[in-house]
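1. fold the following for me, if possible:
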Amino acid sequence: MRDITILFIEDNQEIQESVSLIFEILWPQARLIQAYRGSEGVNLVKSEKPDIVILDLGLPDIDGLKALKEIRSYTNVPVIILTVRGEESDKIRGLELGADDYIVKPFGHKELLSRIHIVLGRDNARANSEPVHSAIVPRSTIDLESGIVTKPDRQVKLSPTELSLLKYLASREGHLVSDIDILTRIWGEEYADGSEFLHAYIVRLREKVEDDPLNPKMIVQQDDKYKLEMRVA
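-> Numbers count the residues shown, from 1 in each chain. Here you go, the predicted model:
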């Protein structure tokens, strides 16, 4: 694994120390920055520009979801939520606000490292398919290298996970792809039954690329399958 900077926002000192030790042993090249309060973590994202953020939700000053919303207002840095909140509604809310993955405590340290590695690798090609560089739709151009969507009135940037999802759909443009296939390709085998998980990402992606997200013309769904309708360049 390459040398990266990780920001860990967690108020539990025991967990902070445990994770710090694991990085020292298993990933010594990584630079781990720690924050115990949400507001501190949000400021460190701005000043330190980490490669990835690990975010607890039960923070002492602000709710972790609020911190996530603030982070997403100015950066697409990958964010993994790490929390005791295991309800499906919490997971969906976190994903809708821009999280790239969601881990429920207690967790395995090797699982955490694996998740980080997977999330960081999502902006690279995950499928063995022909490269897709850009797409042109009626009112937008999507650069599938940078993840920048150019609309008539503004530009928006896709997160690494959103970009990876769009690339995978674009590589099969015009063909229906099952939710299980998408989930296992992008998130891994353990997410094979996470249709609600995928739907939260589809909603986010439609909000960024569709003219009318409530009446999608690009990312269409038939039962449990999705299809991308656009002209690929």
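2. quick one, what contacts the residue most central in space within the chain?
-> Against the mean C-alpha coordinate of the chain, by Cα atoms, centre = their mean, the closest residue is Asp100 at 2.2 Å. By Cβ atoms under 8 Å, 6 or more residues apart in numbering, the residues touching Asp100 are Pro78, Val79, Ile80, Val119, Arg122, Ser159, Pro160, Thr161. To be clear about C-beta, it is placed using only N, CA and C from the backbone, and glycine gets the same treatment.
3. what is the least confident helix or strand in this structure?
-> strand 231-232 (a mean of 54; mean pLDDT, DSSP states H and E).
4. which of the contacts of Asp100 has the largest number of neighbours?
-> Val79 (29 neighbours; other Cβ atoms under 10 Å).
5. neighbours of His109, how many?
-> His109: 14 neighbours (other Cβ under 10 Å).
6. which SSE is the residue lying closest to it once chain neighbours are set aside in?
-> In this structure, His109 finds its nearest non-sequential neighbour in Ile22, 4.3 Å apart by Cβ to Cβ, 6 or more residues apart in numbering. Ile22 is part of helix 13-26, with elements assigned from DSSP states H and E.
7. quick one: that helix to chain centroid distance?
-> 23 Å (Cα atoms, centre = their mean, to the nearest Å).
8. follow-up on the earlier one: count of residues packed around the residue nearest to His109?
-> Residues within reach of Ile22, counting by other Cβ under 10 Å, total 16.
9. go on, Ser146?
-> 12.
10. contacting residues for it?
-> Here Ser146 is in contact with Lys157 (Cβ under 8 Å, 6+ apart).
11. that one and Gln155: what is the separation?
-> As judged by Cβ to Cβ, to the nearest Å, Ser146 and Gln155 stand 10 Å apart.
12. how about the strands in the chain?
-> Remark: strands assigned in the chain by DSSP state E are 5-9, 31-35, 52-55, 79-83, 101-104, 134-137, 140-143, 148-150, 155-157, 177-178, 219-222, 225-228, 231-232.
13. Phe197: which of those is closest?
-> Of all the strands of the chain, it is strand 101-104 that lies closest to Phe197, at 8.0 Å by Cβ to Cβ.
14. how about that closest one: buried residues?
-> Neighbour-count burial for strand 101-104, counted by 16 or more other Cβ atoms under 10 Å, picks out Asp101, Tyr102, Ile103.
15. quick one: the last one and Glu111 touch, right?
-> Yes: here Ile103 lies in contact with Glu111, judged by Cβ atoms under 8 Å, at a distance of 7.1 Å.
16. give me the below-cutoff pLDDT ranges for this structure.
-> 1-2, 122-139, 230-233 (pLDDT under 70).
17. and the helices in it?
-> Remark: helices assigned in the chain by DSSP state H are 13-26, 38-48, 64-72, 88-96, 109-120, 160-171, 179-186, 195-209.
18. quick check: buried residues in stretch 104-112?
-> Buried positions in stretch 104-112, judged by neighbour count with 16+ other Cβ under 10 Å: Leu112.
19. when you give positions from now on, start the count at 781
-> Shifting the count to begin at 781 puts that one at stretch 884-892.
20. residue contacts, the residue lying closest to Lys846 once chain neighbours are set aside?
-> In this structure, Lys846 finds its nearest non-sequential neighbour in Gly818, 7.1 Å apart by Cβ to Cβ, 6+ apart. Contact analysis of Gly818 by Cβ under 8 Å, 6+ apart lists Ile789, Leu839, Pro840, Asp841, Ile842, Asp843, Gly844, Lys846, Ala847.
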